[in-house]
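1. coords please:
(one chain, ligands or ions: 1)
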Amino acid sequence: MPLPSTDILSQATVQVSPGPSVPTIVPPSIVLTPSQVAKLSVIEKSKRLAAFAAVDEHLLGEHRVIGIGSGSTVPYVVERIVSQGPELNKARVFIPTGFQSKELIVSSHLNLGDVDQYPTLDITFDGADEVDRDLNCIKGGGACHLREKVLAEAAKTFILVADYRKNVEFLGTNFSQGVPIEVVPFAYAKVLQNLRGTLGSPNAVLRMAKMKAGPVVSDNANFIIDAPFATDVMKDPYTIMARIKMLTGVVEVGLFCHMAKAAYFGNEDGSVTVKWNNGKNEHISP
Ligand SMILES: O=C(CO)[C@H](O)[C@H](O)COP(=O)(O)O
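-> A predicted model of the protein is given here:
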């Protein structure tokens, strides 16, 4: 099923015209056709709904510098942005949170920039592994949370998009693999020891790669530790985030506290739930 995903170039068709001998790579459009939409699963549809609602409500004509996060929901953010047309988008620059979103921006023919050129962003859209009632979230399921946090912090407005499974009262409810922690490689054993001991996460583990022997290596050439904590600890994510961050060797913690302005969750019934940082909850009917 053709989805707007990171493997967009691998789905590309090669067109060989009779003239030049060099084949042209034509990536499939990020904008889905009605028949592609009809084939999406309920979860994919709900991600797309959340992304569309978030872009429609928050991406303004005057926005020029836009952060694009990582994960499987973000391609739908880009789909909606591309649908706004080249006229609006040619004046904009898009900042990626990692390899995946860089590919997404480039293959969608959007202008690519980096945060060292644009340290202030108008807005950043990103996915989340889980979002609690106060809009704190777990991020880093895709090992991108260092760059994601930089782009969230650099943005005047940070907006989360996710499907209904991520909408929880307390962090760690469904996402039980633990808090993703990026560490410099040579310090991983020491940080693991700290986490399993003093910090109270006996099941903390080094994240291992699936199709490679050895650990996952982040876009910044670091390792990732996943550290699960008890529910009581996760009820106060800021405190545990600060304690982990103080460990020498830790580069960034996948707990984003008090950063998002709003979180959009697509629901199974086609509605969208919006949680705002002022405590307000909104329901957008299908
Ligand atoms: O934090 C992330 C990557 O580091 C992602 O935003 C998070 O994992 C959510 O991804 P998805 O939209 O695929 O559920």
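
2. ok, now which ones touch the residue in the stretch 151-286 of the chain positioned nearest to the ligand?
-> Using Cβ to the nearest ligand atom, A162 is the residue of the stretch 151-286 of the chain that sits closest to the ligand, at 6.2 Å. For every residue, glycine as well, the C-beta is placed using N, CA and C. With contact set as Cβ atoms under 8 Å, 6 or more residues apart in numbering, A162 has these partners: 47, 50, 73, 127-128, 131, 263-266.

3. Around the ligand, which positions in this structure sit nearby?
-> 69-73, 126-129, 139-145, 148 (Cβ under 6 Å from any ligand atom).

4. Which ones among those lie within strands?
-> Within the residues of the chain next to the ligand, residues falling in strands by DSSP state E are D126.

5. picking up where we left off before, name the residues linked to the residue of the stretch 151-286 of the chain closest to the ligand by a beta bridge.
-> Counting by DSSP bridges, A162 is bridged to F265.

6. Begin at 43 from now on, thanks
-> Done: numbering now begins at 43, and the last item shifts to A204.

7. What does the pLDDT read for it?
-> A204 is assigned a predicted lDDT (pLDDT) of 98.

8. Do you have the helices of the stretch 43-192 of the chain handy? List them.
-> Applying DSSP state H, counting those that start in this stretch to the stretch 43-192 of the chain gives helices spanning 76-80, 84-100, 116-125, 128-131, 141-149, 187-196.

9. Which residue ranges make up each domain of this protein?
-> 48-211+300-326, 221-295 (automatic domain parsing).

10. CSV for the helices of the stretch 43-192 of the chain, including distance to Q159?
-> Formatted as CSV, the helices of the stretch 43-192 of the chain follow (distance: least, Cβ to Cβ, whole Å):
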stretch, distance to Q159
helix 76-80, 34
helix 84-100, 23
helix 116-125, 19
helix 128-131, 18
helix 141-149, 14
helix 187-196, 11
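
11. can you put those helices in CSV and add mean pLDDT and mean neighbour count?
-> Shown next, in CSV, are those (pLDDT from 0 to 100; neighbours: other Cβ atoms under 10 Å):
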stretch, mean pLDDT, mean neighbour count
helix 76-80, 95, 10
helix 84-100, 98, 21
helix 116-125, 97, 23
helix 128-131, 94, 12
helix 141-149, 96, 21
helix 187-196, 98, 23
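
12. residue contacts, the closest residue to the ligand within the stretch 43-192 of the chain?
-> Nearest to the ligand in the stretch 43-192 of the chain, going by Cβ to the nearest ligand atom, is G113, at a distance of 2.5 Å. Taking Cβ under 8 Å, 6+ apart, we find G113 in contact with 142, 168-169, 183-184, 186.

13. Buried ones from those, can you make that a PyMOL selection?
-> To isolate the buried ones among the contacts of G113 in PyMOL, judged by 16 or more other Cβ atoms under 10 Å, type:
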select buried, resi 142+168+169+183+184+186
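
14. Once you drop chain neighbours, what's closest to A304?
-> W318 (5.0 Å; Cβ to Cβ, 6 or more residues apart in numbering).

15. Burial check on the one you found, number of neighbours?
-> By the criterion of other Cβ atoms under 10 Å, W318 has 13 neighbours.

16. Pretty sure it sits against E324.
-> Yes. The criterion here is Cβ atoms under 8 Å, and W318 meets it with E324 at 7.1 Å.

17. returning to that earlier point: R238: which of the helices of the stretch 43-192 of the chain is closest?
-> With Cβ to Cβ as the measure, helix 187-196 is the member of those nearest R238 (20.8 Å).

18. and the angle for that closest one with helix 141-149?
-> 60 degrees (axes from the mean of the first three to the mean of the last three Cα atoms, to 10 degrees).

19. hang on, the earlier thing: where among the domains of the chain is average confidence lowest?
-> domain 48-211+300-326 (a mean of 90).

20. next one: that domain to chain centre, how far?
-> For domain 48-211+300-326, the gap between its own C-alpha mean and the chain's C-alpha mean amounts to 8 Å (Cα atoms, centre = their mean, to the nearest Å).
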